[in-house]
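In: quick one, fold the following:
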Amino acid sequence: MRSRLLGLLGVALALAVAFAVRAVDDGALRQYSGTALYASMIYAGVYVLRPRTTPLAAGAAAIAWCWAVELAQLTGIPAELSSRSILARYALGVTFDAADLAWYPVGVVPLVLIHLFLTRKFHGLTWADGRARR
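Out: You can find the predicted model right below:
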């Protein structure tokens, strides 16, 4: 239950930061921070759905999801859905941008590294073997 709550907190934090940036900037910072924060939100969302997921698996799932959504934009289906719903616009985007493919890992990789560090620090795991110290 704690992992799900932390995941929800992470989703809320990523959304809050993204909307705050949108409120103060309308240029590249808005575009690319939004892309990275979307990926961060997806990473946190993995823990809402599957709390026992490892950081590496959650990171891989988040990046794969983001890339799949971005590539789906090449079909025009997300654009059509986005024209009908603001939620679809935020969740699926509208147009393909190849730069976004590089920005998704920027939002996920630091979280994976921090998560791995904290997991090892607080659960007594070593970097070398991933097992508990005796």
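
In: and the helices in this structure, which stretches?
Out: Applying DSSP state H to the chain gives helices spanning 2-24, 28-49, 55-72, 77-82, 86-92, 98-123.

In: mind giving me the packing neighbours of the fourth one?
Out: Read that as helix 77-82. The elements that helix 77-82 packs onto, with contact taken as 3 or more C-beta pairs under 8 Å, 6 or more residues apart in numbering; DSSP states H and E, are helix 86-92. Just so you know, the C-beta spots here come from the backbone N, C-alpha and C atoms, and that holds for glycine as well.

In: what's in contact with the helix it packs on?
Out: Val69, Ala72, Gln73, Pro78, Leu81, Ser82 (C-beta atoms under 8 Å, 6 or more residues apart in numbering).

In: pull out the buried positions in it.
Out: Across helix 86-92, burial judged by 16 or more other C-beta atoms under 10 Å covers Ala88, Leu92.

In: average pLDDT for it?
Out: For helix 86-92, mean pLDDT rounds to 90.

In: among the helices of the chain, which is the most enclosed?
Out: Most buried of the helices of the chain, by mean neighbour count (mean count of other C-beta atoms under 10 Å): helix 28-49, with a mean of 20.

In: do you know the pLDDT at Arg4?
Out: 76.
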